[in-house]
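Visitor: Got a predicted model here, sequence first, then my questions.
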Amino acid sequence: MSETATITIEGKQYEYPVISGTEGEKAVDVRKLRGDTGYITYDDGYGNTGSCLSDITFVNGEVGILRHRGIPIEELAEHSSFLGTSFLVIYGHLPSNEEMAAFSDRISRNADLHEDFRHHFSGFPTDAHPMAVLSAMLNAVGCYHSEMTSNNREQDLEHFDRAAALLISKVRTIAAMTYRMGAGLPFVSSRENIGYVENFLHMMFSEEGAEYQATPEISRALDLFFLLHADHEQNCSTSTVRMVASGGANMFASVSAGVSALWGPLHGGANTAVVKMLQAIHDTGDDGSKFIEAAKSGKARLMGFGHRVYKNYDPRAKILGSATEVLLGSLGHSDPLLDIARHLEKAALEDEYFIERKLYPNVDFYSGLILKAVGIPVEMFTVMFAIGRMPGWIANWREIATGSKRIHRPRQIYTGKVDQHFVSAE
Ligand code: ACO
C-alpha cells in the first residue's frame, strides 16, 4: 500500500499521499489541501517546500553531496569540462564525441553579437553595473531572434538547441563587452578554433597587436569555476527562471530574470562580497579573528559561509579551495586574502557559534579568489557566476516548457487592514 500522511485540522483527519524521490527524499503532496480544508501551508522562504519534480540535479545538504544527472560533482570536476557538463545538465546524458563536437561548434558559431549591439552598449552609462547590463542584453539578444522568443512553447522548443547554444555563447560575449565598455576599451571580436574559456579571455583581455594568451592553468581554473556553477537545483535564480517560464515566457526572458535574481549579495553577489570582506579585513590589519567576533555578535555577516541547503561542507567550496592554491602556486603568486580566508575558515569551523548553526564555506567563499588570480575585476564576479549558471537555467526552463502546464502562483496569508473605506484627501 502506498504511504500517506495524516493531517488533523479542526479535529478532522485528512490523508495525503507521500511521494518519494529516487534518492529517497520524501514529500507530502498537499495539492488538494486547500480544496479539502480551506487551509494552505505557510513556509516563509520556502525552506520546506518542494516546488517541482526535477531530474536534473540532486543536492544532499546534510552530507554535502551534489550530483548532476546522477554523476558526482567531484567526478565531473576531475574528468569533464564546462561545456561537457553543460551538455549533461541540459540534455541528461554525457555527450558522445560527435555530440560534443556539434554542441561546441554551435556555441563557437554563435559567439558574435549583431553589429547593432554597439548602440545598445553605448546607451548605458559606462559605470552601469555589469549585472544590470547582462540582464538587459540577454533580453535584447532575444529581440534579434523572434523565431525563438514567440512565447509559444511548441515554437520556442523547436528552436531549443540553437537558442541554448546561442545563450551559452553570447552570455560570454556580452560579459566581455561589458567589461571593455566599463574600462573604455574597444570591443574585441571572438576567435574561431579556440576553446570556450580561451575565447572569453581573448575577448576580455586581448589588445591591438597583443593577443591575450591564457596559460593552461588559468584556462583550467576558469573552466572549473564555470563547471562548478553549472546548476544547483531550486536556488533563488533558478526558481526565478522556472517561475517566469511557468507563465509561458521564452528562454531569453526567463534567464534574463534569473540574472537579476542572482545579483543579490545573499545569492550570486556573495562572491563579490567575500572578496570585499577579505580586503576590508586585510586593510584593517585583522587576521580575521576580530571579524569572526563581529559575525557572531550579529554586527557583520561572514560572507561565503552558510547555506540554506548545505549543513555540511559545500563540495564545490572544497574543490575551489584546493584549486585556488594550485592556481596561485602555478602563477607564483601569493595572496594575503587567501591566508585570511584560510584563517577565517579554520576559526569558524572550530567555533561553537558556527558549529551549532552548521555554517560551512559555500561555493562563493573561494571562487572570488580564483577570479581575482585570473585577473577578473571584482565588479564582474557575479557576471562570471551567471556565465557558469546558464546551462542550469536553460535545463530548468526546458523542464518547465516540456512538462509543467501550471503557472507558478503561490498564495499568501493576508495580514493587512480590514474593512477600510475610501476617505477623500479634502
Ligand atoms: N555569518 C554569520 N551568521 C550567519 C551566517 C553567516 N554567513 N549565515 C547564517 N548565519 C546565522 C544567522 O544569523 C542565523 O542565526 P540565529 O539562528 O542566531 O538567528 C542562523 O545562522 C541561520 O541563518 P539563516 O539566515 O536563517 O539561514 P538561511 O538559510 O536563511 O540563509 C544564507 C542562508 C542566505 C546563505 C546565509 O547563510 C547567508 O547570508 N550567508 C552569507 C551570504 C552568502 O554567502 N550567500 C551565498 C549563498 S550560496 C549561493 O547562493 C551561491
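Guide: Arrived safely, thanks for sending.

Visitor: For the residue nearest to Lys12 when sequence neighbours are not counted, which residues are in contact?
Guide: The shortest distance from Lys12 to any non-neighbouring residue, by C-beta to C-beta, 6 or more residues apart in numbering, is to Thr37 (7.9 Å). Any C-beta I mention is one placed from the backbone N, CA and C, and that applies to glycine too. Residues near Thr37 by C-beta atoms under 8 Å, 6 or more residues apart in numbering: 7, 9, 12, 14.

Visitor: could you dump these to JSON lines with secondary structure, distance to Leu113 and neighbour count?
Guide: Shown next, in JSON lines, are the contacts of Thr37 (DSSP: H, G, I helix; E, B strand; the rest coil; distance: C-beta to C-beta, whole Å; neighbours: other C-beta atoms under 10 Å):
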{"residue": "Ile7", "secondary structure": "strand", "distance to Leu113": "54", "neighbour count": "17"}
{"residue": "Ile9", "secondary structure": "strand", "distance to Leu113": "56", "neighbour count": "12"}
{"residue": "Lys12", "secondary structure": "strand", "distance to Leu113": "61", "neighbour count": "9"}
{"residue": "Tyr14", "secondary structure": "strand", "distance to Leu113": "55", "neighbour count": "16"}
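
Visitor: Of those residues, which is the nearest to the ligand?
Guide: Ile7 (25.5 Å; C-beta to the nearest ligand atom).

Visitor: who's in contact with the closest one?
Guide: 13-14, 16, 28, 33, 37.

Visitor: In strands only, show me those.
Guide: 13-14, 16, 28 (DSSP state E).

Visitor: can you pull the contacts of Arg411?
Guide: Residues near Arg411 by C-beta under 8 Å, 6+ apart: 34, 40.

Visitor: Kindly confirm my reading that it is in a strand.
Guide: No - per DSSP: H, G, I helix; E, B strand; the rest coil, Arg411 lies outside any strand segment and is coil.

Visitor: Nearest to the ligand: which residue in the stretch 101-250 of the chain?
Guide: The stretch 101-250 of the chain approaches the ligand most closely through Asn235 (5.8 Å), counting by C-beta to the nearest ligand atom.

Visitor: wait, doesn't that residue sit right on Ala270?
Guide: No - between Asn235 and Ala270 no contact is recorded; they are 11.7 Å apart, counting by C-beta atoms under 8 Å.

Visitor: So the two - more neighbours on which side?
Guide: Ala270 (26 against 22; other C-beta atoms under 10 Å).

Visitor: Can you give me the pLDDT of the closest residue to that one other than its chain neighbours?
Guide: Ranked by C-beta to C-beta, 6+ apart and with sequence neighbours excluded, the top spatial neighbour of Ala270 is Asp364, at 4.0 Å. On the pLDDT scale, Asp364 is placed at 89.

Visitor: Tally up the residues packed near Asp364, please.
Guide: Using other C-beta under 10 Å, Asp364 has 29 neighbouring residues.

Visitor: Over to Gly35?
Guide: 7.

Visitor: And the next helix or strand past the helix or strand where it lies?
Guide: Using DSSP states H and E, Gly35 maps to helix 33-37. Toward the C-terminal end, the helix or strand that comes next after helix 33-37 (DSSP H and E) is strand 57-60.

Visitor: pLDDT averaged over the helix or strand just after that following strand, what's the number?
Guide: Next along the chain after strand 57-60, taking DSSP H and E as the criterion, comes strand 65-68. Mean pLDDT, strand 65-68: 97.

Visitor: before we move on, the earlier item: so the residue nearest to Ala270 sits right up against His267, yeah?
Guide: No - applying C-beta under 8 Å as the test, Asp364 and His267 come out as separate, 9.1 Å apart.

Visitor: Report the separation between the residue of the stretch 1-150 of the chain found nearest the ligand and Gly416.
Guide: The ligand sits closest to Gly45 of the stretch 1-150 of the chain, with a gap of 6.0 Å, by C-beta to the nearest ligand atom. To Gly416, Gly45 is 20 Å away according to C-beta to C-beta, to the nearest Å.

Visitor: Where does the record place the domain boundaries for the protein?
Guide: Annotated domains of the chain cover 4-66, 71-264+378-402, 270-374 [automatic domain parsing].

Visitor: Compare the ones you listed and say which comes out lowest on pLDDT.
Guide: Minimum mean pLDDT among these: domain 270-374, a mean of 91.

Visitor: That one near the ligand at all?
Guide: Yes - Domain 270-374 is in contact with the ligand by C-beta under 6 Å from any ligand atom, via 270, 295, 301-308, 357, 359, 362-364.

Visitor: Also stretch 250-263?
Guide: No - figure legend: stretch 250-263 not in contact with the ligand (C-beta under 6 Å from any ligand atom); closest approach 8.1 Å.

Visitor: Now do that stretch: distance to the chain's middle.
Guide: Put simply, stretch 250-263 sits 11 Å off its chain's centre (C-alpha atoms, centre = their mean, to the nearest Å).

Visitor: And the residue of this structure that's closest to the ligand?
Guide: Checked against the ligand (C-beta to the nearest ligand atom), the nearest residue in the chain is Gly306, 2.3 Å away.

Visitor: sec struct for the closest residue to that residue other than its chain neighbours, please.
Guide: Excluding its sequence neighbours, the residue lying closest to Gly306 (C-beta to C-beta, 6+ apart) is Leu359, at 4.4 Å. When classified by three-state DSSP, Leu359 comes out as coil.

Visitor: Would you check that Leu359 makes contact with Gly304?
Guide: No - the pair Leu359 / Gly304 is not scored as a contact, 10.3 Å apart, by C-beta under 8 Å.

Visitor: Who has more neighbours out of those two?
Guide: Neighbour count, other C-beta under 10 Å: between Leu359 and Gly304, Gly304 has more, with 28 against 19.

Visitor: who are the neighbours in contact with the more buried one?
Guide: So, once contact is read as C-beta under 8 Å, 6+ apart, Gly304 ends up touching 270-271, 273-274, 277, 317, 361-362, 364-366, 368.
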